[in-house]
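Chemist: Sequence and predicted structure below; questions after.
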Amino acid sequence: MAAGRRTPSGRFLQGLIQVSVAHLKWFQGLSEPARRLLREGFARMTQCPTPFLGIEVACFQRDVEAYFAGTRDLPAVIQLVGFAVDG
């Protein structure tokens, strides 16, 4: 709410929340609501350039879609631009 509902940041964060809730619905076995929330969330997120707020939006979306399609074993990880994950 602090970002504003109609600002680019607000729409992006609403989309990110919807994608998060889509994962919850998916884990609950509610595939149709999960897919609907995923579509709606991506529609909001893709209105923003990539990267946005340090998040590689296109990479995140691709990884989430792969997870829901069953071609990725683990849920997507948000990758911030300029930060390397040490393994």
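Modeler: That came through, no problem.

Chemist: Dihedrals phi and psi, residue 80?
Modeler: phi -90, psi 140 (degrees, to the nearest 10).

Chemist: ok, residues contacting the lengthiest helix in the chain?
Modeler: Ranked by residue count, the top helix of the chain under DSSP state H comes out as helix 8-27. When contacts are defined by CB atoms under 8 Å, 6 or more residues apart in numbering, helix 8-27 is touched by residues 3-5, 31, 33-38, 40-48, 52-53, 57, 64, 68, 75. All C-beta spots, glycine's among them, are computed from the backbone N, C-alpha and C.

Chemist: and if we set it to 6 Å?
Modeler: With CB atoms under 6 Å, 6 or more residues apart in numbering as the test, helix 8-27 has contacts from 3-4, 33-34, 37-38, 40-41, 44-45, 47-48, 52.

Chemist: who wins for most neighbours among the residues you listed?
Modeler: Compared across the contacts of helix 8-27, residue 45 has the highest neighbour count, 24 neighbours, by other CB atoms under 10 Å.
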